[in-house]
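A.B. asks: Kindly return the folded structure for what I paste below:
(chains A and B)
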Protein chains: 2
Amino acid sequence: MQIPPETFLIDRASAQPLQLQLRRQIIRAVHEGRLRPGERMPSSRALAAHLGLGRITVTQAYGDLVATDYLIAQGRSGYFVSDRVEELRPEPAPDTGAPRFDWSTLIEGRNLAAKRKDRPTDWRRYPYPFLYGQTDDRLIDHAAWRDCAVRALGRRDLGALSDDQYDNDDPELVDFIIRHLLPRRGIQARPDEILLTLGAQNALWMICAILLRRGVSTVIEEPGYPGLHEILRTMDARVLPVPIDADGLPPERIPHGVSAVFCSPSHQCPTNRTMPLARREALLRLADQRGFAVIEDDYEFEISFAGSTSPALKAMDRSGAVIHIGSFSKSVFPGLRLGYIVADPDFVAEARALRGMMLRHPPGHVQRTMAYFLSLGHYDRQVKRMRNSYAERRRVTSEALSRHGLDSGQPAGAGGSSFWLQTPAGLDSDVLARALKPEGVLIEPGRPFFHDGSDGTGHYRLAYSSIAARDIEEGVRRIAQTCERLAGQDGTSRMNRQPQV
Amino acid sequence: MQIPPETFLIDRASAQPLQLQLRRQIIRAVHEGRLRPGERMPSSRALAAHLGLGRITVTQAYGDLVATDYLIAQGRSGYFVSDRVEELRPEPAPDTGAPRFDWSTLIEGRNLAAKRKDRPTDWRRYPYPFLYGQTDDRLIDHAAWRDCAVRALGRRDLGALSDDQYDNDDPELVDFIIRHLLPRRGIQARPDEILLTLGAQNALWMICAILLRRGVSTVIEEPGYPGLHEILRTMDARVLPVPIDADGLPPERIPHGVSAVFCSPSHQCPTNRTMPLARREALLRLADQRGFAVIEDDYEFEISFAGSTSPALKAMDRSGAVIHIGSFSKSVFPGLRLGYIVADPDFVAEARALRGMMLRHPPGHVQRTMAYFLSLGHYDRQVKRMRNSYAERRRVTSEALSRHGLDSGQPAGAGGSSFWLQTPAGLDSDVLARALKPEGVLIEPGRPFFHDGSDGTGHYRLAYSSIAARDIEEGVRRIAQTCERLAGQDGTSRMNRQPQV
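C.D. replies: Okay, here's the model as predicted:
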């Protein structure tokens, strides 16, 4: 890399000679890794012009740095950062003499405190990553996505790419969601009922920010989605977790006086259960009677192995009480950061205003690329491929679990991309997860799925979205083996029910 | 477009015959524009398979729809939506019989109330758009951006594109910001002092969300950035606007007991004034003494016409009291939605946790593309081209303003992309802006730049970032002419000081 002259600045008010300032600046940049071995320095002429110095000042500084081994002079090619800098002893960091500013009085810190800290970013290094929410690159139609992205970079779409859209969405993407995607969920919507979001997490966050003021109560599923638990820990509302049963959230257990009910009726997170029709009707009736909003997280509807998926709760919503959340994170890829809300126009208007202040809009290019991916049929093909692949993996996982005595008791054919399992004989799933890491296996312990994080030690989630079918058998075998080993260590598993730090 | 079978759903619990349900669904979709003239229906075989119906049921439904002119049968090619549907009278919308859900009790509505409503998205239709914050496509190196975006779509970068990064940033982009960009502002930073944001607006929003709790006071510049005013209207903190003078924000007028001070020292928004060194030092001294955070909006540093820009306030910050906001919206394009915060690691950790909950991270592809745009030198070239072009436009605007008696009294050479002007003789800038629209001229009235929106009617902002140099003279002429006409209408300009609805 050629270092641009603009990298350097001179403080003319300083008592330090200009040449010394420049030399120190270069030395510090080398030690801090901002200038790297082999990189070419600006020409003395260019740097002198930029800084308003005489050229001789710059060549003197360079000359001194060559003498001290920081730079190498290569005749007419100019000056380069020396590759011997690794051997040079760094100057001690200059003591600024200023006390460090105390942020503790200004920052409450509730976001950092609420944050989930158990998510590995290095999951690709594990041979058996039973990890939820990351996509298997083998299932992404990378060539098609690339093709759509290149189209969306064309002249015709330049305005969609470059303009500040204020708080508006890409009309082409909204149009395709309305015409192409929502009808499959049985949902009819107008453009003023749609808001694009930076993924489902962004949708949940905005919904909470709008509805969950101090003094408000809200119901969530127990166990439920960890990303929602994180958000709720930062909000002022009172959170009432309602234990789910075999049919998902039981409406009759929703207390009076709540303003919002969060649920995942298609595939309950994390148990994968589907809410039956009668219960959906009861839930909506209650919402209309008592005036609470129902937030439907439809996060994984595409991954259903039945012929036609059951309609969304929103499809049955005649009054407008349901806020429906959809996401492209599971069906395209999560790094895309794109999802949407379908809700009553009054709610969407408020959420749009909030989004406008928070971030304006999802990047134009991302929206337009997604519009092409949908309209050219790639989305359908990718979802189909994923569905087939997940069905196969689910079958393989189910068989492996049976074979190794980790029976799930869950039907193999339902859909989704994970199993929700019990640990054998009271083994703590945090202990199990830690013991599996050196074996190259990642599982998700149950704790983050419970509101206060104290429960869930007897459960774990085993996802097959990021692991190839051929690796599943060996991964499950290692889990079974490790369970056995830990159970064999007598009291250890019981002693370790509190996580070790 | 070929309509996918998944567009249609059947409710088996309904009393309606299946064939009738299907027919009604198609009719409704046609009238609502979800199925469009010329689009091809799924084959009867595919649709029957999807819905689990007999094929005869589907062909009967299709036959009936051909008879009623909704569909056209084209032999072996299948069925298409008729282009005569425009003539068909839509069925009345089915009355669901359900009362509409009342959102007013659940939504406070403060976001919608706070939102600025005067921003035109159709600005490209105006021949003289003196509009700030949109980029002139002629200055964007579209080919280079496209090249970088295509690189970032390559196999090597697939993980950066597709993965859920949780709350992490693209290390390559962070590295280039630290090594390449910040040194020009005189800022040395480590990776834990950087957070990427969805543009500067997102940075401001998060800073406000973290610092401005109920009971906290904050100082802002008056006049100041309208996007900040919007945010502050939704927050609980007490806002104390401090009038700026010729040198920007006067530190001695900052009241005791404030927790945060927002300022734009490089180019004060909207007056373009630069805060001198002595005042910067005084501001930082005060921040350390009294323990308030200083938020530096460095929104336009690239657009400086001097040889080397003056360092940022953050460059002088020895204690860590300054939160620095940078943005690529002005230097690349605003539709990108990418900016960054440079701040003390304690603050960045909290902001990172908040961002993780709000939206996880900016889309991977956008980050990696920007990293290439920086590292391949395109950014430098584009900024240089913009700077030259803006310098020329500033000169042309300044001359036109003088020629037409709208003197700015502002030096032509300072930098920035706009002038802050006074209307002649007490003319209301809202009235002026409205009168100019039919003339094809867009200006920004002064009101949104003032905290409570009641002041500012005697000012307007004239930006030259979105208008070509050759159009400036005529645009300014029309402004001068309109000013004269309005002033000539005797009392009209005075009577109209309240905006007309």
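A.B. asks: Surely A:Asp407 touches A:Glu399?
C.D. replies: No: assessed by Cβ atoms under 8 Å, A:Asp407 is found out of contact with A:Glu399, at 10.7 Å. (Glycine included, C-beta is placed from N, CA and C.)
A.B. asks: Pull up the gap between the residue most central in space within chain A and A:Arg387, please.
C.D. replies: The centroid of chain A falls nearest to A:Pro334 when counting by Cα atoms, centre = their mean (6.4 Å). Per Cβ to Cβ, to the nearest Å, A:Pro334 is found 18 Å from A:Arg387.
A.B. asks: and what of A:Val81?
C.D. replies: A:Val81 sits 53 Å away from A:Arg387, going by Cβ to Cβ.
A.B. asks: When the two are compared, which one has more neighbours?
C.D. replies: A:Val81 (22 against 17; other Cβ atoms under 10 Å in any protein chain shown).
A.B. asks: From B:Glu193, how far off is the more buried one?
C.D. replies: 23 Å.
A.B. asks: Report whether A:Arg461 is found in a helix, as I expect.
C.D. replies: No: judged by DSSP: H, G, I helix; E, B strand; the rest coil, A:Arg461 forms no part of a helix; its state is strand.
A.B. asks: Can you tell me who it pairs with across the strands?
C.D. replies: Beta bridges link A:Arg461 to A:Trp420, A:Glu444, judged by DSSP bridges.
A.B. asks: so which strand or helix has A:Leu195?
C.D. replies: Element membership for A:Leu195 (DSSP states H and E) is strand A:194-197.
A.B. asks: Ok, A:Arg355 next?
C.D. replies: Under the assignment here (DSSP H and E), A:Arg355 is part of helix A:345-359.
A.B. asks: Mind checking if that helix is in reach of chain B?
C.D. replies: Yes: contact of helix A:345-359 with chain B (Cβ under 8 Å from any Cβ of the partner chain) involves A:346-347, A:349-351, A:353-354, A:356-359.
A.B. asks: residue ranges with poor pLDDT in chain A?
C.D. replies: For chain A, the stretches with pLDDT under 70 are A:1, A:15, A:85-97, A:306-309, A:411-414, A:490-501.
A.B. asks: Could you list the alpha-carbon positions for stretch A:292-307 in CSV?
C.D. replies: Output in CSV follows, covering the C-alpha atoms of stretch A:292-307 (Å, rounded to 0.1, in the frame of the first residue of the first chain):
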residue,chain,number,x,y,z
PHE,A,292,-53.3,-6.2,23.8
ALA,A,293,-51.0,-6.4,20.8
VAL,A,294,-49.9,-9.9,19.6
ILE,A,295,-46.3,-10.0,18.2
GLU,A,296,-45.9,-13.0,15.9
ASP,A,297,-42.3,-13.9,15.3
ASP,A,298,-42.6,-15.9,12.0
TYR,A,299,-38.8,-16.4,11.9
GLU,A,300,-38.6,-19.7,10.1
PHE,A,301,-41.7,-20.3,8.2
GLU,A,302,-39.9,-21.3,5.0
ILE,A,303,-38.4,-24.3,6.7
SER,A,304,-41.5,-26.4,6.8
PHE,A,305,-41.5,-29.9,5.4
ALA,A,306,-45.2,-30.2,4.9
GLY,A,307,-46.6,-29.6,1.4
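A.B. asks: Go through that stretch and flag the buried ones.
C.D. replies: Residues A:292-305 are the ones in stretch A:292-307 that count as buried (16 or more other Cβ atoms under 10 Å in any protein chain shown).
A.B. asks: need the strands for chain A, in chain order.
C.D. replies: A:71-73, A:79-81, A:128-129, A:194-197, A:217-222, A:238-243, A:260-263, A:293-297, A:322-327, A:339-342, A:418-422, A:441-442, A:444-445, A:459-463 (DSSP state E).
A.B. asks: With distance to B:Gly199 as added columns, please give those in CSV.
C.D. replies: Formatted as CSV, these follow (distance: least, Cβ to Cβ, whole Å):
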stretch, distance to B:Gly199
strand A:71-73, 38
strand A:79-81, 34
strand A:128-129, 33
strand A:194-197, 16
strand A:217-222, 30
strand A:238-243, 32
strand A:260-263, 29
strand A:293-297, 27
strand A:322-327, 22
strand A:339-342, 19
strand A:418-422, 35
strand A:441-442, 34
strand A:444-445, 33
strand A:459-463, 33
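A.B. asks: closest to A:Leu161 out of these?
C.D. replies: Of all these, strand A:194-197 sits nearest to A:Leu161, with 15.5 Å by Cβ to Cβ.
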